[in-house]
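# sequence plus predicted model, see below.
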Amino acid sequence: FQSPRMWAAVAVTLVAAVVVVAAGVPVDERPWLTDPAIRDDPNAAAAALLAKMTLAEKITMLHGTPGPYVGNTQANTRLGIPPLNLNDGPQGFRSGGSTCWPSGMTVGWTWDVDLASAWGTAMGQEFFGKGANVQLGPGLCVARVPRNGRNFEYLSGEDPYFGYSMVQPVIKGIQSQNVIANAKHYIMNSQETKRTSIDEIVDERTRFEMYYPPFVGAVEADVGSVMCSYNLINGFWSCENNQTLAVDFKQRVGFKGWVMSDWGATHSTSIKQGLDQEMPGGVYMGIGLSVAVAKGTVTVAEIDDSVTRILVPMFKFGIFANAAQWNASNHKVDVTSAEHSAIARQISAASSVLLKNDGNILPLKLGTKLAVINVEAAKPTVHGGGSGSVSPTYTIAPLDAITRRNAQVPPPPGPQPPPNCTFQQDTDYYHIGDPEGHATTPTECCVQCSALGSCVAFTFKPPSTCYYHSVAGIVRHAPGLTSGHCGKHLPPGGSNVTYDDGSNVASAASVAAAADVAIVFVATSSSEGSDRPDLDLDKGQGDLITAIAKAQPNTIVVAVTPGAILMPWSPLVKGIFVVGMPGLEYGNAIAEVLYGDVNPSGRLTLTMPNKENEIGFTPENWPGVNGKANYTEKLEVGYRYYDAHGIQFDTGFPFGHGLSYADFQYSNLKVSGRTVSMTLQNSGVVAGAEVVQLYIGFPTVAGEPPQQLKGFQKVMVGSGADMPVEFTLTDHDLSIYDVESHGWKLVSGDFSVGIGASSRDIRLKGSLTV
């Protein structure tokens, strides 16, 4: 028997060993940095560096240390190893001076892999600019619990195939910018209620078919790191769960990167179980790991494996090549840009889901007499709380954008009164986030500003850009630019928009009744750390909608939501948009889709239920009894449950649903072997993008839900045009997870094939036989 004090002394000696060899290795003896044959091969570079590292230096990489970022590792100047600077979060750099993007769930609502790639790339650029080389995101958990407080963060929605598909362009985008992505939270982080103590009881097949696929997609995209979660799975903490980490993820899935703990989620020196790095400190993977090596319970080979898993992505994704960038002084740099604001606006518009459009009340006509109702129109909610939050550098309010857009009516015939323009040469009225247009002279720019409802100042940038400012902003010297103020010559009645903050329901109803159309802006939010109390809109907003709809038959609702919401008022209104967590460009984006400048193409990735707990959870399912949450629903998650139990929609809306201002026709279904094809035609008068969805039904013997998503394509089609659409199914698409062989097994028999516009709008049906 050896005393703990003796082992601690040995550990201290090991850690102190790094001081003995503190002198730097000469540059010409660092082939991982200087020899192209080694430097350019991440595995060879990692092996060469590892061979020069002391045990203490290796252990230093396996835990966090205090620093300016959310997570930090110590740089090794002797060997030229840069620090790891880790920062939240899954939808943008959390600590200020960065773009408040639409949330991960919201990006999913675009169903657009190209926009997902643009989002990942832009986030990677901002993290790089901030000196952070690990982005703690994206979030990938499948939305099992509709009230989960973090559903807004998670890209996957309620479908594993969707998450598998959408995560890959995001990961590749982030990592293309010399920043390592971190897929989280692995695994079954399905609730925030009791998240640090709940034990998720999940069988093997359910894990592999429902909850692993988004992380498998991340692995296939070569993600560098993964974060294990706070909860337990089948009796073992996620970050020391040998089955889910070492066996399932590293051996069976084949993950080659490193697993880091969520902050404070390490409970033991669990390197043998699959944990590679403790964050944010080193209680267990610092001195504790040194003690374990001294006692012989952890081998140097096991430490080498974990260190290699960190070093290879560092070489592969440019962390060594950009060592000078990882300077803490960059933490405070403002990395926002007009380009990124434009991408945020594009994503927000493309993710806006048009749920209802009775009587084609939308798109709005310019100059319509509008009543804009509720404080959310003027002071909008645009992001959720916790580590997934990003403080916006500015926010475009829907009221401002709609007021400005509604005023842009063509001028009446005849001569127009000249605007009262003032001009300042070589001057910029800088105000980020303001819209822009086309003009060829400063005078033309001023004339355009004078016609906009909330434009009081302008900046003309040669040769043809006009910025419309709601305020003069920062007045600064800018050679070649011309700025100024202008008089107001609006159409009769100004912008024709009347606003009421909704605090007095009777007053708001009166304002709505006096208009031609009422738009009610509502919102609810959620945050890390707690689940939502219910799926209702809070603060009486549901009652406000009902009152407005009774007063004004032409009522439209626009809802900001972190996940599923109840809409008992949906039969009362003519139009409904849900916009997720839309980010800083919300106002401009929603104005674009309301007026048809952008044809809505967002689709739900979550079921919008008719009532609370429509999926029939018992307390044993959620939030859990005696510390355990049992996944007895197995594969019947989200729309799969609705299909299996034949639940119809009266006030809610199904997975995959979303309308367009175009009119799409589906025809000519062909199934040839594993290839499924059809023709998509746009018989409408405007171009638009349709999300064509492929659903497969397994033979009954497979024990699967009635149908499941196995393909989707977002297809842009011009008015009157048609486009061929083709899907190719793989063996994996037609397989189930077999617990006896611990692998995937191709199912034989007849499969149903359905192609449609949502899980409940199947337009074409066929079959294939395996």
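Perfect, thanks for sending it.

# contact partners of stretch 114-123?
Here stretch 114-123 makes contact (C-beta atoms under 8 Å, 6 or more residues apart in numbering) with 91-93, 99, 101-102, 107, 110, 135, 137-138, 155, 166, 169-174, 176-177, 181, 339-340, 343, 346-347, 350. Using the backbone N, CA and C atoms, a C-beta is placed for each residue, glycine as well.

# pick out the residue nearest the middle of the chain.
The residue lying closest to the centre of the chain (C-alpha atoms, centre = their mean) is residue 104, at 1.1 Å.

# quick check, that residue in contact with residue 137.
Yes - taking contacts as C-beta atoms under 8 Å, residue 104 lies within contact range of residue 137: 7.2 Å.

# which neighbours do those two share?
Residues within reach of residue 104 and of residue 137 at once, by C-beta under 8 Å, 6+ apart, are 90, 91, 153, 388.

# surely the last one touches residue 100?
No - counting by C-beta under 8 Å, no contact exists between residue 388 and residue 100, whose distance comes to 11.1 Å.

# more neighbours: which of the two?
residue 388 (29 against 26; other C-beta atoms under 10 Å).

# residues touching the residue nearest to the centre of the chain, list them.
Shown in contact with residue 104 (C-beta under 8 Å, 6+ apart): 90, 91, 137, 138, 139, 152, 153, 154, 155, 388.

# make TSV out of those and add distance to residue 759.
Shown next, in TSV, are the contacts of residue 104 (distance: C-beta to C-beta, whole Å):
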residue	distance to residue 759
90	26
91	26
137	27
138	24
139	23
152	21
153	23
154	19
155	18
388	27
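
# export those residues to JSON lines and tack on distance to residue 213 and secondary structure?
Converted to JSON lines, those look like this (distance: C-beta to C-beta, whole Å; DSSP: H, G, I helix; E, B strand; the rest coil):
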{"residue": "90", "distance to residue 213": "18", "secondary structure": "coil"}
{"residue": "91", "distance to residue 213": "21", "secondary structure": "coil"}
{"residue": "137", "distance to residue 213": "18", "secondary structure": "coil"}
{"residue": "138", "distance to residue 213": "14", "secondary structure": "coil"}
{"residue": "139", "distance to residue 213": "15", "secondary structure": "strand"}
{"residue": "152", "distance to residue 213": "20", "secondary structure": "helix"}
{"residue": "153", "distance to residue 213": "18", "secondary structure": "helix"}
{"residue": "154", "distance to residue 213": "13", "secondary structure": "strand"}
{"residue": "155", "distance to residue 213": "12", "secondary structure": "coil"}
{"residue": "388", "distance to residue 213": "21", "secondary structure": "helix"}
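
# if any of these are buried, put those into a PyMOL selection.
Of the contacts of residue 104, the buried ones can be selected in PyMOL as follows, counting by 16 or more other C-beta atoms under 10 Å:
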select buried, resi 90+91+137+138+139+152+153+154+155+388
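
# and which of the contacts of residue 104 is nearest residue 588?
Distances from residue 588 to the contacts of residue 104, taken as C-beta to C-beta, are shortest for residue 91 (18.4 Å).

# contacting residues around that closest one?
Residues counted as contacts of residue 91 (C-beta under 8 Å, 6+ apart) are 101, 102, 103, 104, 107, 123, 137, 138, 153, 383, 388, 390.

# pLDDT score assigned to residue 492?
Confidence at residue 492, expressed as pLDDT, is 39.

# circling back to that earlier point, now the buried members of the contacts of stretch 114-123.
Applying 16+ other C-beta under 10 Å to those, the neighbour count classes 91-93, 99, 101-102, 107, 110, 135, 137-138, 155, 166, 169-174, 177, 181, 340, 343, 346-347, 350 as buried.

# what about those residues, which are in helices?
In helices, judged by DSSP state H, the following of the buried ones among the contacts of stretch 114-123 are found: 107, 166, 169-174, 340, 343, 346-347, 350.

# I'd like the residues you listed as TSV, with distance to residue 399 appended.
Formatted as TSV, those follow (distance: C-beta to C-beta, whole Å):
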residue	distance to residue 399
107	25
166	32
169	34
170	32
171	37
172	38
173	33
174	34
340	24
343	23
346	21
347	21
350	22
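
# okay, now the unreliable bits of this protein?
1-23, 409-419, 453-454, 487-494 (pLDDT under 70).

# so residue 580 touches residue 106, yeah?
Yes - between residue 580 and residue 106 there is a contact at 3.2 Å, judged by C-beta under 8 Å.

# can you pull the residues that touch both of these two?
With C-beta under 8 Å, 6+ apart, residue 580 and residue 106 have common neighbours 152, 351.

# dump the residue contacts of residue 624.
Remark: with contacts taken as C-beta under 8 Å, 6+ apart, residue 624 is in contact with 191, 193, 194, 198, 199, 630.

# swap in residue 596?
With C-beta under 8 Å, 6+ apart, residue 596 has these contacts: 362, 363, 364, 661, 686.

# tell me where the longest strand sits in this structure.
The single longest strand within the chain, with elements called by DSSP state E, is strand 474-485.

# let me see the residues that make contact with it.
Contacts to strand 474-485, defined as C-beta under 8 Å, 6+ apart, come from residues 421-431, 442, 445-446, 456-462, 472.

# swap in 7 Å and give it another go.
By C-beta atoms under 7 Å, 6 or more residues apart in numbering, the list of residues contacting strand 474-485 from outside reads 421-430, 442, 446, 456-462.

# one step back: now the residue nearest to the centre of the chain. Nearest residue, chain neighbours left out?
Nearest non-adjacent residue to residue 104, counting by C-beta to C-beta, 6 or more residues apart in numbering: residue 155, 4.3 Å away.

# touching, the one you found and residue 106? I think so.
No - if you go by C-beta atoms under 7 Å, residue 155 and residue 106 don't touch, sitting 9.4 Å apart.

# count the neighbours of residue 205 for me.
Residue 205 has 15 neighbouring residues, counting by other C-beta under 10 Å.

# quick one: the closest residue to it other than its chain neighbours and residue 335, what's the gap?
The shortest distance from residue 205 to any non-neighbouring residue, by C-beta to C-beta, 6+ apart, is to residue 737 (4.8 Å). Residue 737 sits at a distance of 42 Å from residue 335 (criterion: C-beta to C-beta, to the nearest Å).

# compare these two (neighbour count), which wins?
Applying other C-beta under 10 Å to residue 737 and residue 335 shows that residue 335 carries more neighbours, namely 20 against 17.

# how about that one, phi and psi?
Note on residue 335: backbone dihedrals following degrees, to the nearest 10 are phi -110, psi 10.

# surely it touches residue 128?
No - the pair residue 335 / residue 128 is not scored as a contact, 8.4 Å apart, by C-beta under 7 Å.

# buried stuff in the longest strand of the chain?
Using 16+ other C-beta under 10 Å as the test for burial, strand 474-485 gives 478, 481, 482, 483, 484, 485.
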